[in-house]
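**Student:** 3D, please:
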Amino acid sequence: MLAVGETIEDYPNDKPYPSRLVMGSHGDRPIHIVVADNKENGETIIITVYEPDPNLWESDFKRRKQ
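**Tutor:** Next up is the predicted model:
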């Protein structure tokens, strides 16, 4: 999923590694994956995976509602 997912938000100041929010899907279900990128060791660390709340996200689940 990470290989074909789309980064929709970046968090470059997160510690200990910069992180990002990736949008993907499982069938017709939207999935958000928060990952941290440890570039020094060339690894991607999965922090959490969740189904985004439609009350908080636009219909494409790529933008937060204002």
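
**Student:** only C-alpha atoms from now on, for both contacts and neighbour counts.
**Tutor:** Noted.

**Student:** residue boundaries of the strands in the chain?
**Tutor:** For the chain, applying DSSP state E gives strands covering 6-11, 19-26, 29-38, 43-50.

**Student:** so which of the ones you listed is nearest residue 64?
**Tutor:** Nearest of the strands of the chain to residue 64, taken as C-alpha to C-alpha: strand 6-11 at 10.2 Å.

**Student:** which helices and strands sit right next to that closest one?
**Tutor:** Contacts defined by 3 or more C-alpha pairs under 8 Å, 6 or more residues apart in numbering; DSSP states H and E place strand 6-11 against strand 19-26.

**Student:** and the strand it packs on, how far out from the chain middle?
**Tutor:** The chain centre lies 3 Å from the centre of strand 19-26; the measure is C-alpha atoms, centre = their mean, to the nearest Å.

**Student:** list of residues touching it?
**Tutor:** 1-2, 4-12, 30-37, 61-62 (C-alpha atoms under 8 Å, 6 or more residues apart in numbering).

**Student:** just the buried subset of the residues you listed, please.
**Tutor:** 7, 30-37, 61-62 (16 or more other C-alpha atoms under 10 Å).

**Student:** including pLDDT and distance to residue 51, could those go into CSV?
**Tutor:** As requested, the buried ones among the contacts of strand 19-26 are exported to CSV (pLDDT from 0 to 100; distance: C-alpha to C-alpha, whole Å):
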residue, pLDDT, distance to residue 51
7, 97, 15
30, 96, 6
31, 97, 5
32, 98, 6
33, 97, 9
34, 98, 12
35, 97, 15
36, 97, 18
37, 95, 21
61, 97, 10
62, 96, 12
